[in-house]
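> sharing a model that was predicted from the sequence below.
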Amino acid sequence: SSTLGRLSALSLTGYQIFLGKLPLGHFTTLLSYWSQFTRPLAAVAQGFEGVIKEVIDAQKLVELMQTQPTVPNRLGALPLKVEYGRVDFDNVTFGYDDRQRVLEGLTFSCEPGQRIAFVGKTGGGKTTVLRLLCRDYDALSGSIKIDGQEIRDVTIDSLRSAIATVPQQPKMLNLTIMENIRYGNSASDEEIYQVCKDVEIHKELCKIGYDKIVGENGVKLSGGQMQRIALVRAILKDPTILILDEAMSAVDTLTESNIQRNLAPYLQKRTVLIVSHRLATITSADRIFVMKDGQIVQQGTHEQLKPHGLYAQLWAA
């Protein structure tokens, strides 16, 4: 655009000189002073562009703050009192619309400290179970309890403070890697470095630089790096319940195996709910729920389930 402006100005001046309305010296003067005139204007334009961006960002923030939650707190809701992390679903039914039920009469329990895996074909309702536990939606019927407390009767903030979720596609802020990790917790650098080592990403981040800006939605990071950073962030939150929803899908199996081994002492103290299509990574789960059409059709350990049923088909696939 600056080149076009310069050509236009030179053409107009040349035309005026040709008509005899300006002396030839004006052309030389224009060439000499062009950059002195245009550089401040370019700086002003660039600054104005930054101001516009800040205004747009501020507008988005205001709109976000004014957005009403999909699931509001009930009148008189109390903070969740978490002691152990026991989870109970009792005859839970749910559908995203009135035409089709995603879950139908779902009942199961997770004992404190257990690693529970949900497996099954796409559309079986696995992720929906986790979203209901976080109260992204309310069940149509039945009850969901944590340590004996109905989650609809507790405040959403206290519920989600007790739970950390690592989704398949984690969200990243356009900040540094360190700021993204520390978001929502006050961990020291040493604590962060140790967890990053356990999650097999510390060496990579040292090469990249913990102070590197990740870009919008983490565009400068790979999918596997974003998933592991999200896992670090979740662990540093120190939750009672940890949800891993295809959390290692972009990480190779060897690295995932190393991460599981490194985190085993930490995970023993927490209730862990896992959704994974990669069955080889959940064989050590305390219990595996096989889901189909919103219901649990099999449950047990890997060795119990491997010989027969839908699990055998999934394992052989």
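It's in.

> need the helices for the stretch 1-150 of the chain, in chain order.
Using DSSP state H, counting those that start in this stretch, the helices of the stretch 1-150 of the chain run over 2-18, 25-66, 126-133.

> contacts for the last one?
Contacts of helix 126-133 from elsewhere in the structure, counted by Cβ atoms under 8 Å, 6 or more residues apart in numbering, are 87, 89, 92, 94, 102-103, 106, 118-120, 137-139, 144, 146, 151, 163, 165, 241, 243, 245, 273, 275, 291, 294. Just so you know, the C-beta spots here come from the backbone N, C-alpha and C atoms, and that holds for glycine as well.

> next one: stretch 284-298
94, 101-108, 110-111, 114-121, 124-126, 128-129, 260, 274, 282, 299-302, 305, 309-311, 314.

> residue 256: how many residues sit nearby?
22 (other Cβ atoms under 10 Å).

> so it touches residue 248, yeah?
Yes: the criterion here is Cβ atoms under 8 Å, and residue 256 meets it with residue 248 at 4.5 Å.

> intersection of neighbour lists for the two?
278, 281.

> residue 174: what secondary structure?
Of the three states, residue 174 takes coil under DSSP: H, G, I helix; E, B strand; the rest coil.

> now it: how far from residue 203?
Separation of residue 174 from residue 203 (Cβ to Cβ, to the nearest Å): 24 Å.

> of the two, which one has the most company?
The residue with more neighbours, out of residue 174 and residue 203, is residue 174; 15 against 10, by other Cβ under 10 Å.

> check contacts around that one.
Residue 174 neighbours (Cβ under 8 Å, 6+ apart): 213, 214, 215, 216.

> can you check residue 223 too?
Contacts of residue 223 by Cβ under 8 Å, 6+ apart are 169, 249, 250.

> among these, name the buried ones.
Among those, the ones that count as buried by 16 or more other Cβ atoms under 10 Å are 249, 250.

> next, format the contacts of residue 223 as CSV and append pLDDT and secondary structure.
As requested, these are exported to CSV (pLDDT from 0 to 100; DSSP: H, G, I helix; E, B strand; the rest coil):
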residue, pLDDT, secondary structure
169, 93, coil
249, 93, coil
250, 94, coil
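
> closest to residue 182 among the contacts of residue 223?
residue 169 (20.9 Å; Cβ to Cβ).

> report the separation between the closest one and residue 246.
As judged by Cβ to Cβ, residue 169 and residue 246 stand 9 Å apart.

> tell me the pLDDT of residue 99.
As predicted, residue 99 sits at a pLDDT of 80.

> any idea how far residue 91 is from it?
Applying Cβ to Cβ, the value for residue 99 to residue 91 is 21 Å.

> for these two, indicate the residue with more neighbours.
residue 91 (12 against 6).

> excluding chain neighbours, what is closest to that one?
Spatial nearest neighbour of residue 91, chain neighbours left out: residue 142 (4.1 Å); criterion: Cβ to Cβ, 6 or more residues apart in numbering.

> for residue 90, see how far away the one you found is.
6 Å.

> can you check which residues contact both of these two?
residue 107.

> can you give me the strands for this protein?
If DSSP state E is used as the criterion, the strands of the chain fall at 87-94, 103-110, 115-119, 141-146, 149-150, 163-166, 241-245, 271-275, 287-292, 295-300.

> of the ones you listed, which approaches residue 207 most closely?
Between these, strand 163-166 lies closest to residue 207; by Cβ to Cβ that is 23.0 Å.

> what packs against the closest one?
Contacting strand 163-166 under the criterion 3 or more Cβ pairs under 8 Å, 6 or more residues apart in numbering; DSSP states H and E are the following elements: helix 223-236, strand 241-245.

> ends of stretch 231-240, how far apart?
15 Å (Cα to Cα, to the nearest Å).

> buried residues in that stretch?
231, 232, 233, 234, 235, 236, 237, 239, 240.

> need the phi and psi values for the last one.
Pointing back at residue 240 there. Torsion angles at residue 240 (phi, psi; degrees, to the nearest 10) stand at phi -80, psi -30.

> residue contacts, it?
Contacts of residue 240 by Cβ under 8 Å, 6+ apart are 82, 84, 85, 162, 163, 270, 271.

> burial measure for the fifth one, as a count.
Residue 163 sits with 25 neighbouring residues when counted by other Cβ under 10 Å.

> one step back: and the buried residues of stretch 231-240, which is closest to residue 179?
Closest to residue 179, out of all of the buried residues of stretch 231-240 and judged by Cβ to Cβ, is residue 233, at 10.8 Å.

> quick check: closest non-adjacent residue to the closest one.
Residue 233 sits nearest to residue 181 (Cβ to Cβ, 6+ apart), 5.5 Å away.

> what about the one you found, distance to residue 288?
31 Å.

> under the pLDDT cut-off, which ranges of the stretch 51-200 of the chain? List them.
Across the stretch 51-200 of the chain, the ranges flagged by pLDDT under 70 are 51-58, 60-69.
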